[in-house]
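# what's the 3D shape of this:
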Amino acid sequence: MNCNKIKLKEGINLHIINTNKFKTNLLAVFLTTPLNRENVTKNALIPMILRRGSSKLTNLEEISNKLDEMYGADFNCGVDKTGDNHVLKFYMESINNNFLPERENILEESMKALLDIVFNPLIENSNFKKEYVESEKENIKQIILGKIDNKSKYAYERCIEEMYKDKPFGLYKYGYVEDLENINAENLYEYYKKMISECKIDIFISGEVDESAKQIVMENEDIKKLNDRQPIYNKKSEKADNIKQERVIEEKMDVSQGKLIIGLEVGKNDKDSKYSALIYNAILGGTPTSKMFQNVREKAHLAYVAGSNYIRHKNNVFIRCGIEIEDYKKALDLIRVQIEDMKKADFTEEDIKNAKASIIAMIKSIPEEQDSEMMYYFGQEISEHKMEYAEYEENVQKVQKQDVVDIANSIKINTVYFLRN
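Okay, the predicted model is just below:
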């Protein structure tokens, strides 16, 4: 494995990706905790509070000055959904020691600063700083309210919300405005302490690093003070509701272009079927040669945008189209034809070859970006299924036409969502 996993404590792991492709080291801390309605807004707030200042770097100016001292290092943070988990992400990117004019240990400085921000927050009167909490509550409120600004993304999120109503994956990753009123500096800090003591913690280092990188983390005081834990997170994801009849949701908004999202359930869910589902998605709508792109967009001229994506953790395919509002029925009918044609094996060996080539090109591109490679290994850590790139490619190449047809015939439409004026 290109990624070396080291157990620091129970529930806390260090992952070292040794690569000489980059002039930078990318460091990350991922805190994984279950997605739930009670805490989703608090989780989204925590990175925004922590980035404002730590016990050693007490405000944004001090953090900025520290980054400048480290030859323009970069810090970033946020939240994401992985399966039914909420992942709080913290990144620090800095120049590799080998490219410095003097033999300074910027890796150690960067790691100290990152761990200090995540695990050693600024405390005022035994709580988070009230000023920071109130300020970031307003900032996250604007993020939540602003989700309607990107209509395509909004429609996609709404389809997922309807498809996973009252389930973890249906929650908006930034939370809900109505939760903010009851969050304050005291209860948010109490929640942070509880979450840090229970969550799964993964620390990543990507770059040209040696054995000393492990020692830097293992000897760090912020790591030493963390407790062992049986980490609380979701190893398995809930499926969407098993409905007998597809749901059709129409929502009205001031839009000039309709947004059509169709959520598909993949019935086959064994380990090998995931690769067949990748091929299915590529042929249906995942590439410029796909049925959606060629037949719905190019030939019928019924869509400005027409494609699909496959979410492996949830085993769903989502079809996404931007259409003229009056073309809704025509577009939906033609999309149904594409889905049925896949079930009838109305695609060629050339289609399969092109799909495989597209997926393998994507696999080969993963180690070309430090963040992509890091997320590849983190995804494996969450799913507890380790696989190197060569094996991934081999499994894709093994897929035969009948495998794709079997996937196609296991698929049914769960939710049709249409955003119109």
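
# What residue, apart from its backbone neighbours, is nearest residue 115 spatially?
residue 222 (4.3 Å; CB to CB, 6 or more residues apart in numbering). Bear in mind the C-beta positions are built from the backbone N, C-alpha and C, glycine included.

# Now for the one you found: which residues touch it?
Counting by CB atoms under 8 Å, 6 or more residues apart in numbering, residue 222 makes contact with 115, 116, 118, 119, 120.

# Quick check: of those, which lies closest to residue 282?
The closest of the contacts of residue 222 to residue 282 turns out to be residue 118 (CB to CB; 37.6 Å).

# what's the following helix or strand after the helix or strand harbouring the closest one?
Assigned by DSSP states H and E, residue 118 belongs to helix 106-119. Under the assignment DSSP H and E, the closest C-terminal helix or strand after helix 106-119 is strand 123-124.

# partners of that following strand in the sheet?
Here strand 123-124 has these sheet partners by DSSP bridges: strand 127-128 (antiparallel).

# Need the mean per-residue confidence for the partner strand.
The average pLDDT within strand 127-128 is 98.

# Residues contacting the least confident helix or strand in the chain by mean pLDDT, please?
In the chain, the helix or strand scored least confidently by mean pLDDT, DSSP states H and E is helix 212-218, which has a mean of 89. Helix 212-218 is contacted by residues 6, 8, 14, 16, 107, 108, 111, 115, 203, 205, 223 when judged by CB under 8 Å, 6+ apart.

# try 10 Å
With contact meaning CB atoms under 10 Å, 6 or more residues apart in numbering, helix 212-218 is reached by 4, 6, 8-9, 12, 14, 16, 18, 25, 27, 97, 105, 107-112, 115, 203, 205, 207, 209, 223-224.

# Quick check: buried residues in it?
Across helix 212-218, burial judged by 16 or more other CB atoms under 10 Å covers 213, 214, 216, 217.

# C-alpha coordinates for it, CSV please?
Extracted in CSV, the C-alpha atoms of helix 212-218 (Å, rounded to 0.1, in the frame of the first residue of the first chain):
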residue,chain,number,x,y,z
SER,A,212,10.5,11.5,11.5
ALA,A,213,7.0,12.4,10.4
LYS,A,214,5.6,9.7,12.5
GLN,A,215,7.5,10.9,15.5
ILE,A,216,6.3,14.4,15.0
VAL,A,217,2.7,13.3,15.4
MET,A,218,3.3,10.7,18.1
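
# what's downstream of that helix, the next helix or strand?
Using DSSP H and E, the helix or strand that follows helix 212-218 in sequence is helix 221-224.

# and stretch 327-340, C-alpha only, in PDB?
Backbone C-alpha positions of stretch 327-340 (Å, rounded to 0.1, in the frame of the first residue of the first chain) are rendered in PDB as follows:
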ATOM      1  CA  ASP A 327     -40.000  20.400 -22.100                       C
ATOM      2  CA  TYR A 328     -40.400  18.700 -18.800                       C
ATOM      3  CA  LYS A 329     -42.600  15.800 -20.000                       C
ATOM      4  CA  LYS A 330     -40.700  15.200 -23.200                       C
ATOM      5  CA  ALA A 331     -37.400  15.200 -21.400                       C
ATOM      6  CA  LEU A 332     -38.600  12.900 -18.600                       C
ATOM      7  CA  ASP A 333     -40.100  10.500 -21.200                       C
ATOM      8  CA  LEU A 334     -36.900  10.300 -23.200                       C
ATOM      9  CA  ILE A 335     -34.800   9.800 -20.000                       C
ATOM     10  CA  ARG A 336     -37.100   6.900 -19.100                       C
ATOM     11  CA  VAL A 337     -36.300   5.400 -22.600                       C
ATOM     12  CA  GLN A 338     -32.600   5.600 -21.800                       C
ATOM     13  CA  ILE A 339     -33.100   3.700 -18.500                       C
ATOM     14  CA  GLU A 340     -35.200   1.100 -20.300                       C
END
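
# Which parts of the stretch 101-250 of the chain are strands?
Ranges of strands in the stretch 101-250 of the chain, per DSSP state E, counting those that start in this stretch, are 123-124, 127-128, 200-207, 247-252.

# so for the third one, what's the average pLDDT?
The one in question is strand 200-207. Per-residue scores along strand 200-207 average to 97.

# next one: stretch 247-260
95.

# and what of stretch 396-403?
Summarised as a single mean, pLDDT over stretch 396-403 is 97.

# what do you get for stretch 410-421?
Over the span of stretch 410-421, the pLDDT mean works out to 96.

# show me where pLDDT drops low in the stretch 1-150 of the chain?
Residues of the stretch 1-150 of the chain meeting the criterion pLDDT under 70: 1.

# Show me what residue 6 is bridged to.
residue 14.
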